[in-house]
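K.L.:
I'll drop the sequence and a predicted model, then ask my questions.
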Amino acid sequence: MAKDTSINGRPLRPATLMMGHGYDPVLSEGSLKPPIFLTSTFAFPSAADGKRHFEGITGKRPGGAEGLVYSRFNAPNQEILEDRLAVWDGAEEALSFSSGMTAICVLMLTYCAAGDVIVHSGPLYAASEGFVAKWLSKFGISYLDFPAGATGEEIAAVLTRARTQADERGGKVAMIYLESPANPTNALVDVEAVRAARDRVLTPDTPIAIDNTFLGPLWARPLDQGADIVVYSLTKYVGGHSDLVAGSIAGAERWMTPVRMLRNTMGGICDPNTAWMLLRSLETVELRMQRAGENAAKVCSFLKAHPKVAGLGYLGMIEDARQQDIYDRHCLGAGSTFSLLLKGGEAECFRFLDALRIAKLAVSLGGTETLASHPASMTHLSVPEGRKTELGITDNLVRISVGIEDADDLIADFDQALASV
């Protein structure tokens, strides 16, 4: 364990480590906070050092670069960020990217080849599902999926079909890709059941990756339930101020190294200014997520009793026994993003959204401000109608991400907006 992660043998908590882990002020003229390192390249102490670094970058020597080389590969702000991101999930390593979708695309491209099959849960964020169905298919990669709440036996059955399909195509089951809670329905995936099914049907060489954006890094730690790789849109709760776009993955070194190699080639690492802003945000992520979660609980208590509300997809008010069981085993909190089902359809949702005064009509989530959107006609518009129906992305569903405003003010805003429905 690194010297700054414990005191007298007691591990320091992530909220404490966010203030200085991975950074030594002595190396930067005593600056309390890391400077922003705006440089494209770094000077080597010697030619031999340059050779050794490139041996690591190119994979000729295991372990990666031993120093700073070029900002497409590594840089100080990004390395500090990655050290701190790994802390939250208890991961060996983390990698930062220019967006959540860049992280997802590079991850999938790393592990997939022609003839392979990806198995994923549903629903996924529309761009994630679209990348698998529309783009990877151009390279001879197919997919099978199972619903978020599937049981272990149902998951094993899909994995068995995928293995057979991969064998027939001369490929392999390249990855099991999950999203939990699912966007936008909040449906949970049983990661423990997925891990047990993977170990029974396939081999440990098939990684289990999971998008943990809705609850991470505070309310869920999927690596503890058996996932191999955790994925984030850092744009959301980690960034938390709706002023940047970034993504990350984290996991064991064996899973991170191949992705790092492809990122070195393709680029996609986040820029130093964005990394610096994320370091700022990580210092308050626990406070922000706690406050937003408390607000969401109060808001949903109000909405649940409202006569114009048909239902809520809120993890603090689960009505399905299977979903509640997954929540009890996997989650540390309900988060602050949920789906609101209105009585009516698109027209009623649009009236509600247009009447909001405090909450902003915008996509994305996890910011300090409350946001509301209509997934069926916005973020998930590209999903075929039949697929949307199958996944529960209905015309009367509004996705709400509660921020850190005053909870009573938010309730008043939702109350007056519902009056227009």
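P.N.:
Yep, it's here.
K.L.:
in terms of contact, does residue 178 touch residue 227 like I think?
P.N.:
Yes: applying CB atoms under 8 Å, one finds residue 178 in contact with residue 227, separated by 7.2 Å. Using the backbone N, CA and C atoms, a C-beta is placed for each residue, glycine as well.
K.L.:
shared neighbours of those two, anything?
P.N.:
191, 194, 208-210 (CB atoms under 8 Å, 6 or more residues apart in numbering).
K.L.:
looking at those residues, spot the one nearest residue 145.
P.N.:
Proximity of the shared contacts of residue 178 and residue 227 to residue 145, judged by CB to CB, is greatest for residue 194, which lies at 12.4 Å.
K.L.:
any idea how far residue 295 is from the closest one?
P.N.:
Per CB to CB, to the nearest Å, residue 194 is found 31 Å from residue 295.
K.L.:
more crowded one of the two?
P.N.:
Each of residue 194 and residue 295 has its neighbours counted (other CB atoms under 10 Å); residue 194 has more, 27 against 22.
K.L.:
I'd like the next helix or strand past the host helix or strand of that one.
P.N.:
Applying DSSP states H and E as the criterion places residue 194 in helix 191-201. Note on helix 191-201: by DSSP H and E, the next helix or strand toward the C-terminus is strand 208-211.
K.L.:
just the buried residues of that following strand, please?
P.N.:
Buried residues in strand 208-211, counting neighbours by 16 or more other CB atoms under 10 Å, are found at 208-211.
K.L.:
let me have those residues in a markdown table, extended by pLDDT and distance to residue 327.
P.N.:
Converted to a markdown table, the buried residues of strand 208-211 look like this (pLDDT from 0 to 100; distance: CB to CB, whole Å):
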| residue | pLDDT | distance to residue 327 |
| --- | --- | --- |
| 208 | 98 | 19 |
| 209 | 98 | 21 |
| 210 | 98 | 15 |
| 211 | 98 | 17 |
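K.L.:
wait, which of these is closest to residue 283?
P.N.:
Nearest to residue 283 among these, with distances taken as CB to CB, is residue 211, at 23.9 Å.
K.L.:
which non-adjacent residue is nearest that closest one?
P.N.:
Leaving aside its sequence neighbours, residue 211 sits nearest to residue 179 (CB to CB, 6 or more residues apart in numbering; 4.2 Å).
K.L.:
how far away is residue 106 from residue 89?
P.N.:
From residue 106 to residue 89 the distance is 18 Å (CB to CB).
K.L.:
do residue 68 as well
P.N.:
In this view, residue 68 and residue 89 are 25 Å apart by CB to CB.
K.L.:
okay, these two: which has more neighbours?
P.N.:
Taking other CB under 10 Å, residue 68 and residue 89 do not tie; residue 89 has more neighbours (25 against 18).
K.L.:
phi, psi for the more buried one please.
P.N.:
Dihedral angles of residue 89 (phi, psi; degrees, to the nearest 10) stand at phi -100, psi 0.
K.L.:
picking that back up, can you give me the buried ones in the helix holding residue 194?
P.N.:
Buried residues in helix 191-201, counting neighbours by 16+ other CB under 10 Å, are found at 191-195, 197-198, 201.
K.L.:
could you dump these to JSON lines with pLDDT?
P.N.:
Below are the buried residues of helix 191-201 laid out as JSON lines (pLDDT from 0 to 100):
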{"residue": "191", "pLDDT": "98"}
{"residue": "192", "pLDDT": "98"}
{"residue": "193", "pLDDT": "98"}
{"residue": "194", "pLDDT": "98"}
{"residue": "195", "pLDDT": "98"}
{"residue": "197", "pLDDT": "98"}
{"residue": "198", "pLDDT": "98"}
{"residue": "201", "pLDDT": "98"}
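K.L.:
closest to residue 336 among these?
P.N.:
The closest of the buried residues of helix 191-201, once distances to residue 336 are taken by CB to CB, is residue 191, at 21.2 Å.
K.L.:
list the contacts for that closest one?
P.N.:
Taking CB under 8 Å, 6+ apart, one finds 178, 180, 208, 210, 222, 225-227, 330 in contact with residue 191.
K.L.:
now with 10 Å, please.
P.N.:
Residue 191 is in contact with 121, 176, 178, 180, 208, 210, 212, 220, 222-227, 326, 329-330, counting by CB atoms under 10 Å, 6 or more residues apart in numbering.
K.L.:
quick one: it from residue 211, how far?
P.N.:
Look at residue 191 and residue 211: by CB to CB, they are 12 Å apart.
K.L.:
mind listing the strands for the stretch 1-150 of the chain?
P.N.:
Secondary structure of the stretch 1-150 of the chain (DSSP state E, counting those that start in this stretch): strands at 6-7, 10-11, 93-97, 117-122, 142-147.
K.L.:
turn these into a markdown table, including mean neighbour count, mean pLDDT and distance to residue 266.
P.N.:
Listed next are the strands of the stretch 1-150 of the chain as a markdown table, based on neighbours: other CB atoms under 10 Å; pLDDT from 0 to 100; distance: least, CB to CB, whole Å:
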| stretch | mean neighbour count | mean pLDDT | distance to residue 266 |
| --- | --- | --- | --- |
| strand 6-7 | 10 | 89 | 37 |
| strand 10-11 | 9 | 92 | 36 |
| strand 93-97 | 25 | 98 | 10 |
| strand 117-122 | 25 | 97 | 19 |
| strand 142-147 | 19 | 97 | 22 |
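K.L.:
in JSON lines, list those strands along with distance to residue 172.
P.N.:
Output for the strands of the stretch 1-150 of the chain, formatted as JSON lines (distance: least, CB to CB, whole Å):
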{"stretch": "strand 6-7", "distance to residue 172": "40"}
{"stretch": "strand 10-11", "distance to residue 172": "38"}
{"stretch": "strand 93-97", "distance to residue 172": "23"}
{"stretch": "strand 117-122", "distance to residue 172": "8"}
{"stretch": "strand 142-147", "distance to residue 172": "12"}
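K.L.:
contacts for stretch 152-166 next, please.
P.N.:
Residues outside stretch 152-166 that contact it (CB under 10 Å, 6+ apart): 115-121, 142-147, 150-151, 171-174, 176, 189-190, 192-198, 200-203, 206.
K.L.:
lowest average confidence, helix or strand, in the protein?
P.N.:
helix 385-391 (a mean of 86; mean pLDDT, DSSP states H and E).
K.L.:
and the contacts of that helix?
P.N.:
Helix 385-391 is touched from outside by 122-124, 126, 129, 133, 145, 147-148, 182, 184-185, 187, 375-376, 380-384, 393-395, 397, with contacts defined as CB under 10 Å, 6+ apart.
K.L.:
and these, which are buried?
P.N.:
122-124, 126, 129, 133, 145, 147-148, 182, 184-185, 187, 375-376, 380, 383, 393-395, 397.
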